[in-house]
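>>> Fold the stuff below for me.
(chains A and B)
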Amino acid sequence: MRENLHRFFRAARGAGVHVSPAESIDAMRAVKQVGFSDRAVLRDALLLTLAKSQDEKLALGDCFDLFFSQPEQRDDQPEAASDDDAAQDADRSPSSGAASEAGQGRPPEGLGPLAQMLLSQDRNAIAAAIASASGAASLSDIRYSTQRGIFSSRILDAMGLQRLRDDLDELTAANPPLAERLRAALDALREAVRDTVAQGLALYAREEAENLRNEILRNAPLARIERRQVAEMRTLIRQIARRLRERYSKPRKRQRRGHLDVRRTLRRNAAWGGVPFLTAWKRKHRDRPKIVALCDVSGSVAQVSDFFLLLIHSLHEVVDDVRSFAFSSHLIEVSEILEKKSPEEAMAEIMSKVGFGSSDYGSSLVDFEKEFMSTLTPQTTVIVLGDARSNNLDPRADILRRISERSKRLVWLNPEGRLAWGFGDSEMPRYATFCSVVRQCATAQQLERAVSDIVATYQ
Amino acid sequence: MADQKASTSIEAVESGLAAQGYIASRQIATAVYLSQQIEKPILVEGPAGVGKTELAKAIAAWRGMKMIRLQCYEGLDEAKALYEWKYAKQLLYTQILKDKLGEVLGGAQTLHAALNQLHDFGDVFFSKEFVEPRPLLQALEQPGGCVLLIDEIDKSDAEFESLLLEILSDFQVTIPELGTVSAITPPTVILTSNSERDLGDALKRRCLHLHIGFPEQRLEERIVESRVPGISQTLRRQMVGFIHEIRSLDLKKLPSVSETIDWARVLVLLQASELDTEIVKDTLNVLLKYEADIEAASPQVTTFIAKAARSNVFG
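The predicted structure follows:
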């Protein structure tokens, strides 16, 4: 049973529940207290000790139900014994029924145990045999869907497929109708094994597959994300935003009492001859973060800015003062659209208003200076996201200089690689002189680092 | 064998809490039982008003122990939760003793001897005399054990969580100047959270994680029965059924158990014998706390009452 519990922990990890060794020890202790006999109490005990959030509880509950719906593997019995059992079962019980059905005599002697079992159509014995064979093939090690074939054939081998093939060959010559029945039964068995493997995959493999997919996605260029991946990417970006929020939201809220301020304490208590009745404490002072984001949404970089705006706005809890602007040939403020609408709607609306045009940095900067220059304060971090390709129009770098002078920092995130900067119509070198930081920002990971750095400067 | 004992003890917890007027679901009873057996704190999460804090109170009342409550908030720190040096007292004593300083140092001939004497003197100032115990330290110092309720842990800062870790895993705390203070009797610790922010893994690791959601209909009926004794069975069924319908709506704040109880009290006061549209509309503000929610629910009231009444027939 202990073995079973360990397999359950593995399955739980597969279901995305983080089970550390220490947690599994707790769970073991808890299970020792409540015992195995009452499934419902066992379920509660495992959920209490292993799951650390409501989501995990749901996942683990499903996992529990799925796991304990499987017949238990007979790990404690030697392989041969269980086969013998099965063979005996096959000999004993329903062979008469099977025989009458097919109008045949008893299955001929001299067949392998698997063939016997299949012909006798004892469902319980077959299920038990599959379970013990999947134990032997260590199905719980399955990680990727591509491994399905391997595990299926391993399980079938463990059940004695080789012997069955020999039997089939013999029967085809000796008793063709029986061979036909056996073949049909084998097909059914294959199907059953495939189901078992699929269930195993669902139980044990989810986490690995998800991690792998996320890892790939994290490093994929944002601009070249395929349509079907966009939704996943959105989830990933939201995850990133959540992580950043967790990392940075707490210190902002803290108005922390620091050390005793000796000087102020003495001064305050001068009236009592320096006997300190009132204490004074040092406080730490922090800037309130303010971010102004300018996003290029012209055709070439639209998708990157899409994710970028999404990230910025998921970060609202960290940065309470964010204003976002979008531009391609002229610039508008989009803060309100982003706040009021769902991300999908908001992106669609922004794109329909200013998106997909050919970019004109010069005139967009003029728009910004005319209307919004006053939003900049010495606490503001300005983030520009764009490829700085201005179609050979006047870049108006002088406005960028004034923006930079009015704000705390000016960060430029460019989705193009450094190699491309300055070639063709890229004005990047000219803009870069006025920026505090210039970064390449083409993947989700780079995006996360960039935003993390920006928020961290306010800590 | 062990199973037999376990299931009866879980029932014992259930009936013990019930005697205090707390109707616990099986999960809750199992959690309380396990936390006792394997000496682990319980982290209770769930929406506001489902009885997280009540659970701690009920456990304390059931076991006849003192309950020490620590309400968390932003900026809560060591000094307010654990212990504080009585700075003013220390400084004041120094001032008063200033004149005595000559006497203390009187016998010393060399600087070294004087330092030694001062050293003993300094230790007095960082002794238990000058420690002001706050809830956490108080809880550890209870000789008969206690129930320590750390309420709304999600409102505190991340640093505060780290401070709790030592207490939660070993029931002890280290004061640099004094050494380690261990619990005489490990307290039963209940932490509550409304999931305002995600708690650290280290904290969650040390606790049994209990989620109390809205109770099932039967359970909620039993809760109402125990809390509002005067209510008739029909009305109880109807109102609980009605609340379950309301919870299916997309509202800002769903009514929780405490609102159910309030509403039951109000209905009893108004001497209602069964639900009707009139009385529900008049008292909807007991259940729903936002104007927008009330507006959203009002048109559905009649349908919901009908549904609740229908489910009675089968229930």
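>>> Could you use CA atoms for every contact and neighbour count after this?
OK.
>>> pLDDT of the lengthiest helix in chain A, averaged?
For chain A, the longest helix by residue count, based on DSSP state H, is helix A:176-204. Throughout helix A:176-204, pLDDT has a mean value of 84.
>>> The stretch 51-200 of chain A against chain B: which residues are in contact?
Within the stretch 51-200 of chain A, the positions lying close to chain B (CA under 8 Å from any CA of the partner chain) are A:Ala51, A:Lys52, A:Ser53, A:Gln54.
>>> Pull up the per-residue confidence for the nearest residue to the last one once chain neighbours are set aside.
Residue nearest to A:Gln54 in three dimensions, not counting chain neighbours: B:His211, with 6.7 Å by CA to CA, 6 or more residues apart in numbering or on different chains. In this prediction, B:His211 carries a pLDDT score of 90.
>>> What of B:Ile246?
90.
>>> Most neighbours of all the residues of the stretch 51-200 of chain A next to chain B, which one?
A:Ala51 (27 neighbours; other CA atoms under 10 Å in any protein chain shown).
>>> Return the distance of the nearest residue to that residue once chain neighbours are set aside relative to A:Gly35.
Distances taken as CA to CA, 6+ apart put A:Lys57 closest to A:Ala51, at 5.2 Å, once the chain neighbours are dropped. Here the criterion is CA to CA, to the nearest Å. By it, A:Lys57 lies 20 Å from A:Gly35.
>>> Next: A:Ser138.
Separation of A:Ser138 from A:Gly35 (CA to CA) stands at 26 Å.
>>> Of these two, which one has the most company?
Comparing A:Ser138 with A:Gly35 by other CA under 10 Å, the one with more neighbours is A:Gly35, at 21 against 13.
>>> Narrow the residues of the stretch 51-200 of chain A next to chain B to those in helices?
A:Gln54.
>>> Can you give me the neighbour number for the residue lying closest to B:Leu163 once chain neighbours are set aside?
For B:Leu163, ignoring the flanking residues on the chain, the nearest one in space by CA to CA, 6+ apart is B:Glu78 at 7.4 Å. The number of residues packed around B:Glu78, counting by other CA under 10 Å, is 15.
>>> show me the contacts for the residue nearest to A:Gln54.
Neighbour list for B:His211: A:Ser53, A:Gln54, B:Val44, B:Glu45, B:Gly46 [criterion: CA atoms under 8 Å, 6 or more residues apart in numbering or on different chains].
>>> can you rerun that using 10 Å?
A:47-48, A:51-54, A:57, B:27-28, B:42-47, B:52, B:192-193 (CA atoms under 10 Å, 6 or more residues apart in numbering or on different chains).
>>> Filter the residues you listed down to just the buried residues.
A:47-48, A:51-54, A:57, B:27-28, B:42-47, B:52, B:192-193 (16 or more other CA atoms under 10 Å in any protein chain shown).
>>> Restricted to strands, list these.
Counting by DSSP state E, these place B:Ile42, B:Leu43, B:Val44, B:Glu45, B:Thr192, B:Ser193 in strands.
>>> could you redo those residues as JSON lines and give each row pLDDT?
What follows is these, written out as JSON lines (pLDDT from 0 to 100):
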{"residue": "B:Ile42", "pLDDT": "94"}
{"residue": "B:Leu43", "pLDDT": "93"}
{"residue": "B:Val44", "pLDDT": "93"}
{"residue": "B:Glu45", "pLDDT": "90"}
{"residue": "B:Thr192", "pLDDT": "93"}
{"residue": "B:Ser193", "pLDDT": "91"}
